[in-house]
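>>> Dropping a prediction and its sequence here:
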Amino acid sequence: MRVGFASSCAIGLAIALVFGAAPKAQAQQKDSVHTTSTRRIRITKDRPAPPAQAPVARTRVNQDSIAAAERARQDSIAVAEREKQDQRARLEQTRRDSIEAAERQRQDSIAAVASARQDSIDRAHARNRARSDEALQSARRYNSGFYMAIAGGSTMPMGTLKTSATSSYDMGWNATVPFGYDFSRIPLGIRFDIAMDNLAAKTTLTDPFGNPMKNVAIYSASGGLKLNIPLFRTASRFYLIGGAGAHRITGYATAVDSTATIQNAKTDIGWYGGGGINLRFGRTAFFVESRYINIDMKQPPAGFAFQKTNYLPVILGIEF
């Protein structure tokens, strides 16, 4: 712009000099021919005005520059905003990644602790189970082999021994000494019993002669098989028993003569069946059992008017 403006000024100055010199030459020629004027004309060399199109071009150039600068500014702002958003996104992603990594580490730590705890529990359970199995096997060994017990309880008459209108008995008592042998590898055993049952005569009970009766005693010796059924994972067990035995019925015939006994007492064969529960505590066990006993009287003794005798002892005992 400065070069163009200087060129325009030089051209204008040259033109002014040319046009200013021409009248002077003509005046000098006229003065030589005609008269010479004494009045001097002052010539002023003014700077020529710039071309009419120069301001318009400068304005357009300025507007283009301003627009380009604004576009550059807007572009730089947009780039800076994108970079800022990208940086925020990267920071947010980094934060999320760190949170996820921390959460994974926490979950892995929790899983490791839970796994270690479960392994410890499993090992403890395995040890406890091993000790329990060993203790159970040891306790069950106590349930095998020879054993002996003492027991007692009550005896209830059954059948006609209870329901007879003229000759019936009330509940009495029982004393029993069981002993036997339980096998260790099979759930079977052998059981023997020596027992005495005493039944109380009712006040209305009389002998064939009309005399009131007294109590009657039944002595028994029996034997049979025993089936042992363990109760869960314990040394205790439920058991079933059954077998046969010899029974002898004796007692006082009347209350009038205390020396009069049931005459001609004989030993008769009967059978029994029942069951019980054995609660083991180390080498000692407590048991409760009941048996139904049936005796077929082939020749009832004098003063005992029953062809069949049935009774049910219920006893509680301790086993060694």
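Now that the structure is in, tell me what you want to look at.
>>> so where is this protein shaky, pLDDT-wise?
1-58, 61, 132, 135-142, 165-167, 203-214, 251-265, 299-305 (pLDDT under 70).
>>> Show me the domain layout of it.
2-80, 143-319 (automatic domain parsing).
>>> Give me the neighbour count for Arg71.
Using other CB atoms under 10 Å, Arg71 has 10 other residues around it. C-betas here are computed from N, CA, C, even on glycine.
>>> same thing with Ile318?
By other CB under 10 Å, neighbour count at Ile318 equals 11.
>>> With Ser290 instead?
Neighbours of Ser290 (other CB under 10 Å): 13.
>>> can you check Gly172 too?
20.
>>> List the buried residues in the host helix or strand of it.
If you go by DSSP states H and E, Gly172 is part of strand 169-182. By 16 or more other CB atoms under 10 Å, the buried positions in strand 169-182 come out as Tyr169, Gly172, Trp173, Asn174, Ala175, Thr176, Pro178, Phe179, Gly180, Asp182.
>>> Over to stretch 74-93?
For stretch 74-93, a neighbour-count test (16+ other CB under 10 Å) marks nothing as buried.
>>> Can you show me the helices along the protein?
2-33, 54-142, 160-163 (DSSP state H).
>>> ok, residues contacting the last one?
Translated: helix 160-163. Met156, Ser168, Tyr169, Leu199, Phe306, Lys308, Thr309, Asn310, Tyr311 (CB atoms under 8 Å, 6 or more residues apart in numbering).
>>> Any idea what the fourth one is bridged to?
Per DSSP bridges, residues listed as beta-bridge partners of Leu199: Val216.
>>> isn't it right next to Val216, touching?
Yes. When contacts are counted by CB atoms under 8 Å, Leu199 is listed as touching Val216 (5.2 Å).
>>> which residues are in contact with both of these two?
Tyr169.
>>> list the contacts for Leu231?
Shown in contact with Leu231 (CB under 8 Å, 6+ apart): Arg237, Phe238, Ile277.
>>> does the last one really touch Val288, like I thought?
Yes. Between Ile277 and Val288 there is a contact at 5.8 Å, judged by CB under 8 Å.
>>> if you skip the residues just before and after it, what's nearest to Ile318?
Phe286 (5.7 Å; CB to CB, 6 or more residues apart in numbering).
>>> isn't that neighbour right up against Phe320?
No. Counting by CB under 8 Å, Phe286 does not reach Phe320; the two are 11.2 Å apart.
>>> okay, the two: which has more neighbours?
Between Phe286 and Phe320, counted using other CB under 10 Å, the more crowded position is Phe286 (16 against 11).
>>> What separation do you get for that one and Glu103?
Counting by CB to CB, to the nearest Å, the separation of Phe286 from Glu103 is 59 Å.
>>> go on, Ser220?
Distance from Ser220 to Glu103, counting by CB to CB: 79 Å.
>>> Who has more neighbours out of these two?
Ser220 (22 against 10).
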